[in-house]
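Asker: model the structure of this input:
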Amino acid sequence: MGIYRNGKSIREYSTGEMERLGSGVSASVSHYTIFQRYLGFRWLKGNSYVYEVEGVSGKVFTIELESGSLTEKPAEPSARGDAENRAPQPRRQADKRR
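Answerer: Next up, the predicted model:
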């Protein structure tokens, strides 16, 4: 995988490098697959954009387009609201004005 700007390579990643980063690799008789979904471009702020992909392992990676650096996207809380994914809530004091 290569990241290019104005026709010049900024950063390249080999299949082995992506596998070591945790993307996983699916192999067939004729080729390797390291991504199962291409999530696309996402705007951060100003002129900063990233490109996100999901490895065959299910990990989502964010690619900084300025530097070509690749990071694993932090896990987001599930839509089901599992207890382990929710931030702890402060305890409420009982209203004693009665």
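Asker: how about the strands in the protein?
Answerer: 2-5, 8-12, 26-27, 32-33, 35-45, 48-55, 60-64, 70-72 (DSSP state E).
Asker: most neighbours per residue, which of those strands?
Answerer: strand 60-64 (a mean of 19; mean count of other C-beta atoms under 10 Å). Every residue, glycine included, has its C-beta placed from N, CA and C.
Asker: want to try a markdown table for the strands of the chain, with distance to Arg20 and mean pLDDT as columns?
Answerer: Formatted as a markdown table, those follow (distance: least, C-beta to C-beta, whole Å; pLDDT from 0 to 100):
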| stretch | distance to Arg20 | mean pLDDT |
| --- | --- | --- |
| strand 2-5 | 17 | 89 |
| strand 8-12 | 15 | 94 |
| strand 26-27 | 16 | 86 |
| strand 32-33 | 14 | 86 |
| strand 35-45 | 15 | 90 |
| strand 48-55 | 12 | 90 |
| strand 60-64 | 13 | 92 |
| strand 70-72 | 11 | 82 |
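Asker: with distance to Met18 added, can I get the ones you listed in TSV?
Answerer: Below are the strands of the chain laid out as TSV (distance: least, C-beta to C-beta, whole Å):
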stretch	distance to Met18
strand 2-5	12
strand 8-12	11
strand 26-27	12
strand 32-33	10
strand 35-45	8
strand 48-55	7
strand 60-64	8
strand 70-72	8
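Asker: what sits against Gly22?
Answerer: Gly22 sits next to Gly55, Ser57, Lys59, Glu72 when contact means C-beta atoms under 8 Å, 6 or more residues apart in numbering.
Asker: out of these, give me the two with the largest separation.
Answerer: Ser57 and Glu72 (10.4 Å; C-beta to C-beta).
Asker: now do the end-to-end distance for stretch 59-68.
Answerer: Stretch 59-68 stretches 18 Å from its first residue to its last (C-alpha to C-alpha, to the nearest Å).
Asker: with distance to Gly2 added, can I get the contacts of Gly22 in a markdown table?
Answerer: Output for the contacts of Gly22, formatted as a markdown table (distance: C-beta to C-beta, whole Å):
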| residue | distance to Gly2 |
| --- | --- |
| Gly55 | 17 |
| Ser57 | 21 |
| Lys59 | 20 |
| Glu72 | 19 |
